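Participant: sequence first, then the predicted structure:
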Amino acid sequence: MLTGAVRFNSKPKLGLAFLEENKLIYSDLSPKVSRAKSLAKFLKSSTRLDKRLLGDFLSKPDNLELLKEFMNLFDFKDVNYFFPRMSRDSHLHRQKPVVDAMREMLETLRLPGEGQQIDRIAETFASVYFASKPGTYRHLQYHTIADICFTAYF
């Protein structure tokens with residue numbers, strides 16, 4: 001696994017080829033798990049990957065499906081936020097504020113330098129966050145969430 005991460009950090013395509021040859025990725029493929037989802041799980045769980053390179057790799061136009069699967073791996077429910085008048089044992093939680101969710105996502109990768117790549121990451125993040133029906137922002141439209149993300153990123 002470490003060798004695959006080192007190879008990915010030098011050349012992502014060669015690293016992925018090495019990982020696939022050694023059956024370190026795509027071993028969990030099924031009708032419910034696509035190649036993109038399998039790879040996204042590996043990329044999110046691997047702590048040895050260069051975060052700058054990961055952001056650059058995920059934001060390439062050819063990797064939009066992978067980027068969406070990567071973003072879908074984040075859980076935007078915050079166990080520290082409870083609905084008012086609910087007991088601490090209640091399973092009803094509200095969503096993380098958008099800034100906290102962005103911070104969590106940005107801990108796993110670094111934004112690339114190119115505006116179009118940042119745009120793809122921000123757009124995908126906003127889409128996934130909004131689709132999770134965040135309680136705090138339920139009254140806002142998707143484009144408002146996207147605008148919040150763009151403002152914070154740029």
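Facilitator: Perfect, I can see it now.
Participant: quick one: the strands in this structure?
Facilitator: For the chain, applying DSSP state E gives strands covering 77-82, 93-95.
Participant: comparing these, which yields the minimum mean pLDDT?
Facilitator: The weakest mean pLDDT among the strands of the chain belongs to strand 77-82, with a mean of 53.
Participant: buried residues in the lengthiest helix in the chain?
Facilitator: Identified as the longest helix of the chain according to DSSP state H is helix 115-131. Neighbour counts over helix 115-131 (16 or more other CB atoms under 10 Å) mark 117-122, 124-130 as buried. To be clear about C-beta, it is placed using only N, CA and C from the backbone, and glycine gets the same treatment.
Participant: dump the residues you listed to a markdown table, plus distance to Leu2 and pLDDT.
Facilitator: Formatted as a markdown table, these follow (distance: CB to CB, whole Å; pLDDT from 0 to 100):
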| residue | distance to Leu2 | pLDDT |
| --- | --- | --- |
| Gln117 | 27 | 95 |
| Ile118 | 30 | 93 |
| Asp119 | 33 | 90 |
| Arg120 | 29 | 94 |
| Ile121 | 27 | 94 |
| Ala122 | 32 | 90 |
| Thr124 | 29 | 92 |
| Phe125 | 29 | 90 |
| Ala126 | 34 | 85 |
| Ser127 | 33 | 84 |
| Val128 | 30 | 86 |
| Tyr129 | 33 | 83 |
| Phe130 | 37 | 77 |
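Participant: nearest to Phe74, of the residues you listed?
Facilitator: Checking these against Phe74 with CB to CB, the nearest one is Val128 at 7.3 Å.
Participant: how near is that closest one to Gly15?
Facilitator: Val128 is 25 Å from Gly15, where distance means CB to CB, to the nearest Å.
Participant: before we move on, what about Leu49?
Facilitator: 9 Å.
Participant: same thing with Ala40?
Facilitator: From Ala40 to Gly15 the distance is 15 Å (CB to CB).
Participant: low pLDDT regions in this protein?
Facilitator: Along the chain, segments meeting pLDDT under 70 span 77-95, 133-146, 148-150, 152-154.
Participant: nearest residue to the middle of it?
Facilitator: Central residue of the chain (CA atoms, centre = their mean): Met71, 2.7 Å from the mean position.
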